[in-house]
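In: quick one, fold the following:
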Amino acid sequence: MVITMADLSDSLDRGAFPDRILIIRLSAIGDVVFSSPLVDALKGVYQGADIFWLAESPVVPLLEHHPHLRDVIVWPRKEWGELLSSGRWLALLKEIVRFKKRLRQYRFDLVIDAQGLFKSAVLAWMTGAVRRVGFASKEPTRALLTERIEKDAGPAISSEYRAMAKHLGCQSDVFPMKVCVPPAVEVWADAFRADTPYVAICPFTTRPQKHWPEAHWQVLAKSLVARGWRVVVLGGPADSVSADRIFADIRVESMVGKAALLESAALVGHADLVIGVDTGLTHMGWAFKVPTIALFGSTCPYRDLGGLRGAVLYKNMTCSPCRRKPVCGGTYDCLAALYPDSVIGSMAGLLRDKSVSGSVVAS
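Out: The predicted structure follows:
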């Protein structure tokens, strides 16, 4: 490829060699994991640049230990929401102005809106950066961004973020996800494992149309225990009641609501296998290169694993994927059609001769 002086001049005009870069991906856990390769991709091209990330507080633990992030800036969404709901308009306006001033003090050269929503584009605009690159969407972001690119809805994991990296001139062929866990938490998770293999299961997410039937989880958990596996259930505090109901009288080790986000991430990283629905903890399995079985229904964010060991179980029906608008009246047939036997069969194929528990799975 021949780069002319005109090309170089144009690149410089568009901030091709920024000193300070901001990535905006506010939430959710899975999407932060999917977009995490952007940090190393940017650092590979702009080695001298300081890279920052703007996020909501619940996902900050996943980012604050990344070696190539200079800092994580917290967007105080909850605080702004409380001011809005209480009708304290003037106080809210003052907080917005204060936050805008803080963002502009960083003097970002390049801002990447990796969320593609109006709210994230507004935050990008608030930085005052000359170059603001984001995803095109149905939301009115055109006036807030200087460049918009189409989201790549391809079958590969992180396909849209690969497209963003490519647009920015970064390496996108090798694009590994990364979850950075501090040493103390790694030591804790290693002690938890204690040389005894386990399967981590992640049954919980925010939308009912992404849940696998509870009866299927019960059958699977009993089958795993009968085969001699430790079964560790992961989830947040809000999932505790559901976990107690689903796994009552089944010999599982529930860490639901007991392990914080980074501790749960470390437990995923130390597992021999991860099984879960379309939720952040499941997607972390790929980041840690742990064999993972993902159960998808109303969504199917990827099918191409890019060489990672695992399986995507998905029943493609006439209404698939319905995403946020299920038409089945709550029966969620696409997930109900994924039977526990299919998971067990996928496990045998994944772990045979690959794990100290391979013989247990295959028995």
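
In: which residues does V219 contact?
Out: For V219, the contacting residues are P340, taking Cβ atoms under 8 Å, 6 or more residues apart in numbering as the criterion. Yep, even glycine has a C-beta here, placed from its N, CA and C like the rest.

In: and it, how far from A260?
Out: Shown here: V219 relative to A260, a distance of 30 Å by Cβ to Cβ, to the nearest Å.

In: list the buried residues for the biggest helix by length in the chain?
Out: For the chain, the helix with the greatest residue count under DSSP state H is helix 89-105. By 16 or more other Cβ atoms under 10 Å, the buried positions in helix 89-105 come out as L92, F99, K100, L103.

In: same question, stretch 120-127
Out: Counting neighbours by 16+ other Cβ under 10 Å, one finds that the buried residues in stretch 120-127 are S120, A121, L123, A124, W125, M126, T127.

In: mark which of these are part of helices, please.
Out: With helices taken from DSSP H, the overlap with the buried residues of stretch 120-127 comprises S120, A121, L123, A124, W125, M126.

In: show me which of these is closest to K289.
Out: Lowest distance from K289 to these (Cβ to Cβ) belongs to S120, with 29.4 Å.

In: quick one: contacts for that closest one?
Out: For S120, the contacting residues are I24, R25, L26, D113, A114, G134, by Cβ under 8 Å, 6+ apart.

In: most neighbours among the residues you listed, which one is it?
Out: Comparing the contacts of S120 on neighbour count, D113 comes out first with 30 neighbours (neighbours: other Cβ atoms under 10 Å).

In: quick check, that residue in contact with E139.
Out: No: proximity of D113 to E139 does not meet the contact threshold set by Cβ atoms under 8 Å, at 11.0 Å.

In: what is in contact with the two at once?
Out: Between them, D113 and E139 share the contacting residues A121, judged by Cβ under 8 Å, 6+ apart.

In: neighbouring strands of the helix or strand where I201 lies in the sheet, and parallel or not?
Out: In this structure, I201 is located in strand 198-202 according to DSSP states H and E. Paired with strand 198-202 in the same sheet, following DSSP bridges, are strand 230-233 (parallel), strand 273-277 (parallel).

In: out of those strands, deepest packed?
Out: Comparing the strands paired with strand 198-202 on average neighbours per residue, with mean count of other Cβ atoms under 10 Å, the densest one is strand 273-277 at a mean of 26.

In: send me the helix or strand just after it as PDB with only the CA atoms.
Out: As assigned by DSSP H and E, the chain's next helix or strand after strand 273-277 is helix 280-287. Listed in PDB are the C-alpha atoms of helix 280-287, where the atom choice follows Å, rounded to 0.1, in the frame of the first residue of the first chain:
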ATOM      1  CA  GLY A 280     -21.700 -11.200  30.700                       C
ATOM      2  CA  LEU A 281     -20.200 -14.000  32.800                       C
ATOM      3  CA  THR A 282     -20.800 -16.500  30.000                       C
ATOM      4  CA  HIS A 283     -19.000 -14.300  27.500                       C
ATOM      5  CA  MET A 284     -16.100 -14.000  29.900                       C
ATOM      6  CA  GLY A 285     -15.400 -17.700  29.400                       C
ATOM      7  CA  TRP A 286     -14.100 -16.900  25.900                       C
ATOM      8  CA  ALA A 287     -12.000 -14.100  27.300                       C
END
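
In: what does helix 280-287 contact?
Out: Helix 280-287 is contacted from outside by 28-30, 32-34, 36, 157, 176-179, 200, 202, 234-235, 264-265, 268-269, 271, 274-276, 291-292, 294, 305, 308, 310, using Cβ under 8 Å, 6+ apart.

In: show me what the next helix or strand after it is packed up against.
Out: Reading on from helix 280-287 to the C-terminus, the next helix or strand found by DSSP H and E is strand 292-296. Using 3 or more Cβ pairs under 8 Å, 6 or more residues apart in numbering; DSSP states H and E as the contact criterion, the secondary-structure elements in contact with strand 292-296 are strand 273-277, helix 280-287, strand 310-314, helix 340-351.

In: residues in contact with strand 292-296?
Out: 210, 212, 273-278, 282-283, 285-286, 308-314, 321, 335, 338, 343, 346-347, 350.

In: between that strand and helix 280-287, how big is the angle?
Out: Between the direction of strand 292-296 and that of helix 280-287, the angle (axes from the mean of the first three to the mean of the last three Cα atoms, to 10 degrees) works out to 140 degrees.

In: neighbouring strands for strand 292-296, and are they parallel or not?
Out: Taking DSSP bridges as the criterion, strand 292-296 forms sheet pairs with strand 273-277 (parallel), strand 310-314 (parallel).

In: where do the strands of the stretch 1-150 of the chain begin and end?
Out: 20-24, 50-55, 71-74, 110-113, 131-135, 147-149 (DSSP state E, counting those that start in this stretch).

In: my guess is R70 contacts W53. True?
Out: No: with contact taken as Cβ under 8 Å, R70 and W53 are classed as non-touching, separated by 9.0 Å.
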